[in-house]
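Colleague: got a predicted model here, sequence first, then my questions.
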Amino acid sequence: MKFLLTLWACLIANIAWAGTPVTIESTQMVVDHQHSQAEFKGGVHLVRGDFDLRCDRLLAYYQNNELQRAEAFGRVRMQQGKKRGASKQATYNKKNDILTLIGKASVEDSDGVIRGEKIIHNIKTEHTQVIQGAGKRVRMSVESDPVPSKKP
């Protein structure tokens, strides 16, 4: 039984996600073969190329050894290149390569920060959409270059 769990952990850690290997580390993993689902708990760390995701709990749904969708919960943090994000919850859908950050969501890079209740991030195009709750406004802070002073 221990050999099978070790073998399965190796298979899960190398599931192909859009043609790029995925590595997932955590303190605990439970696999439900019947529903093609794996649950990772405790210091979850997912890496695919330059995309990095950390959370407390991750549900991964797969088909034919490929990750189809994932749901992250608790202290979600993501990074792709210079862009960083955070939220309470996140979902990933392979079909459209979309990562959605939900609950006190933020995305920032060297140019500034965007905050909202929900942030939808396209991993391929790096296009980001921000949605705020009823009666609230989206907030964006943009860094600007200092204006050179004129000398008389």
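Modeller: Yep, that arrived. Values in this document were obtained by computation on a predicted structure and should not be read as measured data.

Colleague: in stretch 34-50, what's buried?
Modeller: Neighbour counts over stretch 34-50 (16 or more other C-beta atoms under 10 Å) mark 38-41, 44, 46-48 as buried. Every C-beta, even on glycine, is put in place using the N, C-alpha and C of the backbone.

Colleague: show me what the strand ranked longest in the chain is packed up against.
Modeller: Identified as the longest strand of the chain according to DSSP state E is strand 66-80. Judged by 3 or more C-beta pairs under 8 Å, 6 or more residues apart in numbering; DSSP states H and E, the packing partners of strand 66-80 are strand 16-17, strand 51-63, strand 83-93, strand 98-109.

Colleague: tell me which of those sits nearest to H121.
Modeller: Closest to H121 of these is strand 98-109 (C-beta to C-beta; 4.7 Å).

Colleague: any chance you could list what contacts the closest one?
Modeller: Applying C-beta atoms under 8 Å, 6 or more residues apart in numbering, the external contacts of strand 98-109 come out as 76, 78, 82-92, 113-123, 128, 130.

Colleague: between it and strand 51-63, how big is the angle?
Modeller: Counting by axes from the mean of the first three to the mean of the last three C-alpha atoms, to 10 degrees, strand 98-109 lies at 180 degrees to strand 51-63.

Colleague: can you tell me the strand partners of whatever helix or strand comes next after strand 98-109 and which way each runs?
Modeller: Counting by DSSP states H and E, the next helix or strand C-terminal to strand 98-109 is strand 112-122. Strand 112-122 pairs in its sheet with strand 98-109 (antiparallel), strand 128-131 (antiparallel), strand 139-142 (antiparallel), by DSSP bridges.
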